[in-house]
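Engineer: Build the 3D model from these lines:
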Amino acid sequence: MITLRGLTKRYGETVAVNDLTLDIKEGKVTGFLGPNGAGKSTTMRMVLGLDHPSRGTALIDSRPYSALRHPVREVGALLDAKALHPVRSARNHLIAQARSNGIPVRRVDEVLEMVGLAKAARRRAGAYSLGMNQRLGVAGALLGDPPTLILDEPVNGLDPDGVRWMRQLVRDQAAQGRTVFLSSHLMSEMQLTADHLVIIGRGKLLADTSMADFLAGSSRASVRARVPDPEELSLLVSRLVADSGVKVEASDKGEIVVKGRTAAEVGDLAHSSGVRLHQLSDVQASLEQAYMELTVRSVEYATGAGSEEGHTTGSGRSAGSEQGTRHERGMARQIGRWSR
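Structural biologist: Numbering: from 1, shown residues only. Below you'll find the predicted structure:
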């Protein structure tokens, strides 16, 4: 387990990481998200003893990284896939790591096979592509068969097959009881990979929650239903919009999208109203939608390209910035529940 307590890093007047307190637990993949400049890499570097905190502590199984006798056996890390001697072969690069940590050389060949580099093991690492370097970096992280893995953007440069391989690899490692701490900007892939999320913005903790709870808490989550009878549709819509906080969008095909209620609640209301439904389902927000909603005020290098317009309320008015403000208020209420 990785334990952060009041972890803070200052560079002069700039606060890169601001009072982070959380536990990254074993047996699950914890996704680490945040805009560029949020402090993700700085946090990982402090966990690995590469940067010293201005205040607070970062511990691995109750010990600082500097106190680990054989660090490669206890923590596998990938922060920079290009951090290697370009003239050495991939195999010799790993052999140097293995011998300095008391790891049998046979383990080198095992991890090269695991990451798909066995046939290219004797080629100079400096001639590798970015994707091959990423695989070599993962091999180095796995070399000591460590109980903790810290991987910064490990899918960067991988082709689709490599991305799928990485997803399965980290999930298998977590299933074996390891702590897996993984950063990425690929939201669709993180949604498929992570069990838990830690999200920071401008160095501060914004969310520490399960993937399921984070997506369910987004204001983009909704319910889709289809009512074949127009009169019954009007009745159900009128009863729904009578409740404060509920937004309904209806189409001329008898379909409605309801925000602010669960599928079970809409189904119960339809039943009590004598309304016949032909379809009823929860519509989950994507991780990208929920993430953008939460971090909208934490983006340091904003372009404005992520804003969305044209949504309508139940009365047909443009939602625009008014809806964005409601979303932010809703997410702010969730932060108190998510954050520790």
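
Engineer: quick one: average pLDDT of stretch 273-283?
Structural biologist: For stretch 273-283, mean pLDDT rounds to 90.

Engineer: Which of the residues in it are classified as buried?
Structural biologist: Under the neighbour-count criterion of 16 or more other CB atoms under 10 Å, stretch 273-283 has Val275, Leu280 buried. Using the backbone N, CA and C atoms, a C-beta is placed for each residue, glycine as well.

Engineer: Pull out the C-alpha coordinates of it and format them as CSV.
Structural biologist: The C-alpha trace of stretch 273-283 is given here as CSV (Å, rounded to 0.1, in the frame of the first residue of the first chain):
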residue,chain,number,x,y,z
SER,A,273,-49.0,6.6,-12.5
GLY,A,274,-50.3,3.8,-14.7
VAL,A,275,-47.8,4.5,-17.4
ARG,A,276,-46.7,1.7,-19.7
LEU,A,277,-43.0,1.6,-20.5
HIS,A,278,-41.3,-0.1,-23.5
GLN,A,279,-37.8,0.8,-22.4
LEU,A,280,-36.1,1.8,-19.2
SER,A,281,-32.4,2.0,-18.6
ASP,A,282,-29.7,3.9,-16.8
VAL,A,283,-27.3,5.8,-19.1
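
Engineer: What lies in contact with that stretch?
Structural biologist: Contact with stretch 273-283 is made by 221-229, 232-233, 235-236, 239, 254-255, 257, 262-263, 266-267, 270, as judged by CB atoms under 8 Å, 6 or more residues apart in numbering.

Engineer: try 10 Å this time
Structural biologist: Applying CB atoms under 10 Å, 6 or more residues apart in numbering, the external contacts of stretch 273-283 come out as 216, 220-229, 231-240, 254-259, 262-264, 266-267, 269-271.

Engineer: One more: stretch 112-131?
Structural biologist: Stretch 112-131 has contacts (CB under 10 Å, 6+ apart) with 81-82, 84-94, 108-111, 132-143, 155-159, 161-163, 165-166, 169.

Engineer: How far away from the center of its chain is it?
Structural biologist: The chain centre lies 28 Å from the centre of stretch 112-131; the measure is CA atoms, centre = their mean, to the nearest Å.

Engineer: do the same with stretch 280-300
Structural biologist: Here stretch 280-300 is found 12 Å from its chain centre; the criterion is CA atoms, centre = their mean.

Engineer: Buried residues, it. List them.
Structural biologist: Neighbour-count burial for stretch 280-300 [16+ other CB under 10 Å]: 280, 284-285, 287, 289-296, 298-299.

Engineer: Please apply the same query to stretch 259-274.
Structural biologist: Within stretch 259-274, the residues that count as buried by 16+ other CB under 10 Å are Lys259, Gly260, Arg261, Ala263, Val266, Gly267, Leu269, Ala270.

Engineer: give me the number of residues near the closest residue to Asn101 other than its chain neighbours?
Structural biologist: Spatial nearest neighbour of Asn101, excluding adjacent residues (CB to CB, 6 or more residues apart in numbering): Val72 at 4.2 Å. Applying other CB atoms under 10 Å, we find 21 residues neighbouring Val72.

Engineer: surely Val72 meets Gln97?
Structural biologist: Yes - assessed by CB atoms under 10 Å, Val72 is found in contact with Gln97 at 6.2 Å.

Engineer: okay, and the common contacts of the two?
Structural biologist: Common neighbours of Val72 and Gln97, using CB under 10 Å, 6+ apart, are Ile103, Gly140, Leu143, Gly144.
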